[in-house]
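[1] Generate coordinates for the sequence data below:
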Amino acid sequence: QSGETITSSAAMGSGMGKLLQVVSAHKTDTSSTTSTSFTDISGLSVDITPVSASSKIYLSGEVSMSNATGTATCLIGIFFNVASGSYTQINMGDASGNRSQVTAHVAAIDTRDTEVGSFTFLHTPTYTLGNTLNYKLQFKSQTGGYTAYIGRQGTDGNAAYVGRMPGNLTLMEIAGWVVF
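    Model prediction:
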């Protein structure tokens, strides 16, 4: 269920690679933007406070994306911060010319097209024990004035063949190496 934290006291023992906790967010409504700058996807932001030093955070997620015209692109990015500091984009492609550095995108040919952007990523954040880490998904439209959508088609007629899709973001704290 969204927003719940699962921890295991059995996993709190020593050892690398143990699952220490799981937190998640589940989005069932829709979002839209015409912004060409990354904008939060409401409902897809998750806090995790590591219970062990030097843990890794395994991210898993998916969102359904579309756009309002066959000439626009919806772009997705993952951002994180430590202890409410500034956000950093993670898990993105290399910079190359004018190309956008993103985690996922859809360049639909038709406004009825919807594509799922899914990802898994093992992040090694730098933090101090007790810090809260926040991970969130953001999106933007590649072309100003065109609308990018999350959780729905570009055309959104009230018909049984038109779907609404959920979005998910799950974080798992994995115990890391301890150096003595």
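
[2] Kindly format the C-alpha coordinates of the longest strand anywhere in the chain as PDB.
    Longest strand of the chain, by residue count under DSSP state E: strand 56-67. C-alpha atoms of strand 56-67 as PDB (Å, rounded to 0.1, in the frame of the first residue of the first chain):
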ATOM      1  CA  LYS A  56      22.500   1.500  -1.300                       C
ATOM      2  CA  ILE A  57      19.000   2.500  -2.400                       C
ATOM      3  CA  TYR A  58      17.400   0.300  -5.100                       C
ATOM      4  CA  LEU A  59      14.700   2.300  -7.100                       C
ATOM      5  CA  SER A  60      12.000   0.800  -9.100                       C
ATOM      6  CA  GLY A  61       9.200   2.600 -10.800                       C
ATOM      7  CA  GLU A  62       6.900   3.200 -13.800                       C
ATOM      8  CA  VAL A  63       4.700   5.800 -15.200                       C
ATOM      9  CA  SER A  64       2.400   5.900 -18.300                       C
ATOM     10  CA  MET A  65       3.200   8.900 -20.500                       C
ATOM     11  CA  SER A  66       1.500  10.500 -23.500                       C
ATOM     12  CA  ASN A  67       1.200  13.900 -25.200                       C
END
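
[3] Remind me what the helix or strand following that strand packs against, helices and strands.
    Following strand 56-67 in sequence order, the next helix or strand is strand 74-82 (DSSP states H and E). If you count contacts as 3 or more Cβ pairs under 8 Å, 6 or more residues apart in numbering; DSSP states H and E, strand 74-82 packs onto strand 56-67, strand 88-90, strand 104-106, strand 115-123, strand 133-141, strand 148-150. Just so you know, the C-beta spots here come from the backbone N, C-alpha and C atoms, and that holds for glycine as well.

[4] Which of these has the highest mean neighbour count?
    The highest average neighbour count among those, using mean count of other Cβ atoms under 10 Å, belongs to strand 148-150 at a mean of 27.

[5] And the average pLDDT for that strand is what?
    Averaging pLDDT along strand 148-150 gives 92.
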